[in-house]
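Asks: Next one to model:
(2 chains, ligands or ions: 1)
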Amino acid sequence: MGYYQKEIECMPREEIKKLQGERLVWQVKRMYERVELFRKRMDEKGLKPEDIKGIEDLAKLPFSYKQDLRDYYPFGLFAEPLKNIVRVHASSGTTGKQIVVGYTRNDLDTWKDCMARQFAAAGATDEDIIQVSYGYGLFTGGLGAHGGAERIGAMVVPTSSGNTSRQIQTMADFGTTILCCTPSYAMYLAEAIEEAGLKDKIKLKAGVFGAEPWTEDMRHAIENSLGIKAYDVYGLSEIMGPGVAYECSCQNGMHVSEDMFIPEIINPDTGEVLPEGEQGELVFTTLTKEGFPVIRYRTRDICSLNYEQCECGRTFVRMNKPTGRSDDMLIIRGVNVFPSQIEEVLLKISSGVTPNYQIVVGRENNTDTLDINVEMSEALFADDIKSIEKIERKIVTDLRSVLGIGAKVHLVNPKSIERSEGKAKRVIDNRNLRD
Amino acid sequence: MVKQITVFIENKPGRLMEMLKALAKNDIDIKAFSLADTTEFGIARMIVSDENAAKKAIDDEGVVARICNIITIAVPDEPGALMKALEILKNNGISIEYMYAFAEKLDGASVIAIRTDNQELADETLSKGGVKVLNQSDIEKL
Ligand SMILES: [Zn+2]
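Replies: Now for the predicted structure:
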């Protein structure tokens, strides 16, 4: 299918490396001058910006972490004064506090290019009608996809998430040709279309799906039920948002926009860079970002990179679908959830003693379910139902406000949560989302 | 007042049975029993022959239990007797949270456990109003 910027997307690899080197030198110098934490880490390693002369010096640079965004919350890692920041997005951190990222006008512009590359690869042109059913708001999904769709010149239908019956009616009435949402919501929409008897009126030809893990089986199910080709898009707000890597019609890995991002695969335990093709933790360096640039950011996603040239003609390296995480983050209904966020809520409720708990994630009717079992204790127990129900309700409301999604809470007997080697098994994910 | 044991009943099949089995195994006699439940969990409240032994047996099963005091009255087995006792509470602005009856009678009178929002005041006003309020030693006779 089509290219959006052929001369870049198919650039010879030597030229890509050269361009990356030049941009890396620029970014390192700029961040050293402007970002206190980066300067501190460089100094600790005894590195000066002049020591970075090209792409070959990348591995010398210090890593950066999600925790940094919490430590410097909200704007402490921005490399531009706030007057040059034109947009912020936020997502969940490892604890109650959200993490914030900022974009300059140029950043929004390059982000649009990133997503436009995805849409073009999915066959989109200015003739298309693209329905964005990702949530709009602090989450990068909605506005990220929106920007790319506009850049292609398609007609954008910004339905945002939710209200399924209106979604499918709009899709039928407007003749939507490309759908953007999470893969689980795509499955849900497919069923709703079937049930509403609207299948004949749906004109979809492609879908761009991301923000949560999904399997090849899910891809086939979506493609068959909606009669479309389903494309996988990768991104995270710390790097940019959706469009960091995009899938072509070969559906054999996602092309990383290497003119803007350098991916590396490292051993998550030692930090050393792994040989080409090996599986490990994905690390990104942003080459063109102005507002919130990062050097060697640890994504915690486990995957591998394939440098062989793709049949589509693009020379950009392909990352395979992440097969897991090097931390305990869960993605539930497209939202990042850390067990530590849940633990923090429980700790507050039971006056300083964390009750034993277990997080059970499942999927029913293509929607993720989140159940939290909390072991009853004498501290939480009372003679009257009202006060126990009050505690239960407080856990539910606090979780909703911290996580942004609903959870069911079940009070269970003490010591009933399965333990292995004395430690309670904290997370049970029954979804089988990885191939 | 009389000692009551309150037990958390998890919302899973067989949990109540397990608790009762543990009491039986330890020769603990249940004199009064009530079960309150919500969609998510239940609470069993009991007056037993030996609350400390009961608590230990239940703890050993890995179930949470608590011992607390509850007002227990004996009302003559005649129409309106219970109503009269409850009226005393109402007239003193005391509300009832829950109540349940014993299986056995005491000298022909019905025995009833009552939890109110003010246990001390309830104890005092019931006694003053001529209602027979029982203590732990009365219960042991049952
Ligand atoms: Zn390709």
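Asks: going forward, measure contacts between C-alpha atoms and count neighbours the same way
Replies: Fine.
Asks: In terms of residue numbering, what are the domains of chain A?
Replies: A:1-325, A:330-434 (automatic domain parsing).
Asks: any chance of those in a markdown table, with mean pLDDT too?
Replies: Listed next are the domains of chain A as a markdown table, based on pLDDT from 0 to 100:
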| stretch | mean pLDDT |
| --- | --- |
| domain A:1-325 | 96 |
| domain A:330-434 | 88 |
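Asks: which of these is buried the deepest?
Replies: For the domains of chain A, average neighbour numbers computed from mean count of other C-alpha atoms under 10 Å in any protein chain shown are highest in domain A:1-325, which has a mean of 20.
Asks: That one: how far from the chain's middle?
Replies: Here the centre of mass of C-alpha atoms in domain A:1-325, compared against the chain's by C-alpha atoms, centre = their mean, to the nearest Å, lies 8 Å away.
Asks: near the ion at all, it?
Replies: Yes: using C-alpha under 5 Å from the ion, domain A:1-325 comes into contact with the ion via A:248, A:310, A:312.
Asks: which of these lies closest to chain B?
Replies: Nearest to chain B among these, counting by C-alpha to the nearest C-alpha, is residue A:248 at 48.3 Å.
Asks: can you tell me which residues contact the nearest residue to the closest one once chain neighbours are set aside?
Replies: Among residues not flanking residue A:248 along the chain, residue A:121 sits closest, at 5.0 Å (C-alpha to C-alpha, 6 or more residues apart in numbering or on different chains). Residue A:121 is in contact with A:1, A:2, A:3, A:4, A:247, A:248, A:249, counting by C-alpha atoms under 8 Å, 6 or more residues apart in numbering or on different chains.
Asks: Show me the helices in chain B, by range?
Replies: Ranges of helices within chain B are B:15-25, B:51-60, B:81-91, B:119-128, B:136-140, based on DSSP state H.
Asks: Could you dump those helices into CSV and include mean pLDDT?
Replies: As requested, the helices of chain B are exported to CSV (pLDDT from 0 to 100):
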stretch, mean pLDDT
helix B:15-25, 93
helix B:51-60, 94
helix B:81-91, 93
helix B:119-128, 94
helix B:136-140, 89
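Asks: Could you single out the most deeply buried of these?
Replies: It is helix B:51-60: most buried of these by mean count of other C-alpha under 10 Å, with a mean of 18.
Asks: Can it be said to contact chain A?
Replies: No: contact between helix B:51-60 and chain A is absent, the nearest approach being 9.5 Å (criterion: C-alpha under 8 Å from any C-alpha of the partner chain).
Asks: Going by contacts, tell me the helices and strands next to that helix.
Replies: Judged by 3 or more C-alpha pairs under 8 Å, 6 or more residues apart in numbering or on different chains; DSSP states H and E, helix B:51-60 is in contact with strand B:2-10, helix B:15-25, strand B:65-76.
Asks: Quickly find the element holding residue A:102.
Replies: Per DSSP states H and E: residue A:102 is located in strand A:98-104.
Asks: actually residue A:265, not the one I typed
Replies: Going by DSSP H and E, residue A:265 is in strand A:261-266.
Asks: Name the next helix or strand downstream of that strand, please.
Replies: strand A:280-286.
Asks: what's that next one packed up against?
Replies: Counting by 3+ C-alpha pairs under 8 Å, 6+ apart, strand A:280-286 packs on strand A:261-266, strand A:297-303.
Asks: what's the closest of these to residue A:151?
Replies: strand A:261-266 (20.0 Å; C-alpha to C-alpha).
Asks: Report the angle between the closest one and strand A:297-303.
Replies: Angle, strand A:261-266 to strand A:297-303, by axes from the mean of the first three to the mean of the last three C-alpha atoms, to 10 degrees: 60 degrees.
Asks: now for the strand holding residue A:265, which elements pack on it?
Replies: Contacts defined by 3+ C-alpha pairs under 8 Å, 6+ apart place strand A:261-266 against strand A:280-286.
Asks: Could you report the separation of the residue nearest to residue A:28 when sequence neighbours are not counted from chain B?
Replies: Once flanking residues are discounted, residue A:28 sits nearest to residue A:49: 6.0 Å by C-alpha to C-alpha, 6+ apart. Plainly put, residue A:49 is 60 Å away from chain B if you go by C-alpha to the nearest C-alpha, to the nearest Å.
Asks: thought residue A:49 was touching residue A:31?
Replies: No: with contact defined as C-alpha atoms under 8 Å, residue A:49 does not reach residue A:31; the gap is 9.1 Å.
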